[in-house]
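Peer 1: only geometry, no sequence info:
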């Protein structure tokens with residue numbers, strides 16, 4: 001007995017890889033870099049390395065300067081990743 005395949009059951013429908021997983025080496029490196037930077041901005045790591053007021057950089061407490069550098073680095077990783085996609 002022959003069954004007719006519906007739209008989703010067709011064998012000739014192309015299968016696509018998950019868009020949640022990076023497909024290239026550069027994509028995997030970008031994901032790992034972003035996650036590593038994110039970990040630097042989260043407790044307990046930020047409490048161990050940057051939870052202090054002194055020294056000050058340009059009048060800004062060390063904690064805020066540290067977080068600013070980490071967040072800018074995260075934005076740079078995202079910008080480079082977005083630029084490579086196009």
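Peer 2: Happy to help now that I have it. All values derive from a computational prediction rather than experimental measurement.

Peer 1: element containing the residue nearest in space to the middle of the chain?
Peer 2: Nearest residue to the geometric centre of the chain (C-alpha atoms, centre = their mean): residue 34, 3.8 Å. For residue 34, the host element (DSSP states H and E) is helix 25-40.

Peer 1: Could you pull up the mean pLDDT of that helix?
Peer 2: On average, the pLDDT along helix 25-40 is 94.

Peer 1: So which bits of it are buried?
Peer 2: Buried positions in helix 25-40, judged by neighbour count with 16 or more other C-beta atoms under 10 Å: 30, 33, 34, 37, 40. Just so you know, the C-beta spots here come from the backbone N, C-alpha and C atoms, and that holds for glycine as well.

Peer 1: now do stretch 41-48
Peer 2: Buried, per 16+ other C-beta under 10 Å, within stretch 41-48: 41, 46.

Peer 1: got a list of contacts for the top helix by length along the chain?
Peer 2: Longest helix of the chain, by residue count under DSSP state H: helix 62-85. The contact list for helix 62-85 (C-beta atoms under 8 Å, 6 or more residues apart in numbering) reads 26-27, 30, 33-34, 37-38, 40-41, 46, 49-58, 60.

Peer 1: how about 6 Å then?
Peer 2: 30, 33, 34, 37, 40, 41, 50, 52, 55, 57 (C-beta atoms under 6 Å, 6 or more residues apart in numbering).

Peer 1: same deal with stretch 27-46?
Peer 2: By C-beta under 6 Å, 6+ apart, stretch 27-46 touches 22, 70, 73, 74, 77, 81.
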